[in-house]
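Student: the sequence and its predicted three-dimensional model are supplied below.
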Amino acid sequence: MTLTLSNVKLQELYQRWRGGLQQWGDVANPKRYQLPTAPGPAGRRVLRNLSRFQSNYLLVFLGLTVASILLYPVLLLGILVILLAFYFILHRSHEHKLSIYGYEINTQQQYIGVGVLSIPFLWIIGAGATIIWVLSISTLLAVIHATLFNSDNDDPLRSDHLLVEHV
């Protein structure tokens, strides 16, 4: 059985993401950064760069997420507790049925219960602030990069026509 997400194979999604990754040397090349000259071209530049570098921006987001989890041990411990609860449900459901006041709770209901209870638990240990921090920093970095990165299409010297000034 293959894992699917909305009838699209996860492997296809991964391959598409990998195909969209740009070389980090190109992403961080300081010679390619310059302020846009006008608002119109700046908007087109931002949209083009957001589309072109979206896989790189996702990787930055995932890196910041992993770093924030590792740097905040309470959050790491909380995630491990939740994963342990899911693991416990997975292995306990085959051996024993859970019943509360005579009502049998099936495995799906147990998973939903742990998921619902994990939301306030994660909020109490500070996951909400971490999520906001990671989303804010990732968005800020992506917008700054998309605004300042000058692709080949923006450079008049690399286009099909050269600007000629009459003297």
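Tutor: Nice, I can see it.
Student: rounded mean pLDDT for the helix or strand Gly128 falls within, please.
Tutor: Following DSSP states H and E, one finds Gly128 within helix 127-148. The predicted model assigns helix 127-148 a mean pLDDT of 91.
Student: packing partners for that helix?
Tutor: helix 39-52, helix 54-71, helix 73-95 (3 or more C-beta pairs under 8 Å, 6 or more residues apart in numbering; DSSP states H and E). Placement of C-beta: from N, CA and C, glycine included.
Student: could you tell me how far the residue lying closest to Arg32 once chain neighbours are set aside is located from Gly126?
Tutor: Spatial nearest neighbour of Arg32, excluding adjacent residues (C-beta to C-beta, 6 or more residues apart in numbering): Asn150 at 5.3 Å. Here Asn150 is placed at a distance of 39 Å from Gly126 (C-beta to C-beta, to the nearest Å).
Student: higher neighbour count, those two?
Tutor: Between Asn150 and Gly126, Asn150 has the larger neighbour count (other C-beta atoms under 10 Å), namely 18 against 14.
Student: quick one: Trp24 and Leu59 touch, right?
Tutor: No. Between Trp24 and Leu59 there is no contact under C-beta atoms under 8 Å: 9.2 Å.
Student: next, find the distance separating Glu12 from Gly19.
Tutor: Look at Glu12 and Gly19: by C-beta to C-beta, they are 10 Å apart.
Student: look at these two and report which has more neighbours.
Tutor: Neighbours were counted for Glu12 and for Gly19 using other C-beta under 10 Å; Glu12 has more, 11 against 8.
Student: tell me which helix or strand that one sits in.
Tutor: Element membership for Glu12 (DSSP H and E) is helix 10-20.
Student: tilt between that helix and helix 54-71?
Tutor: 110 degrees (axes from the mean of the first three to the mean of the last three C-alpha atoms, to 10 degrees).
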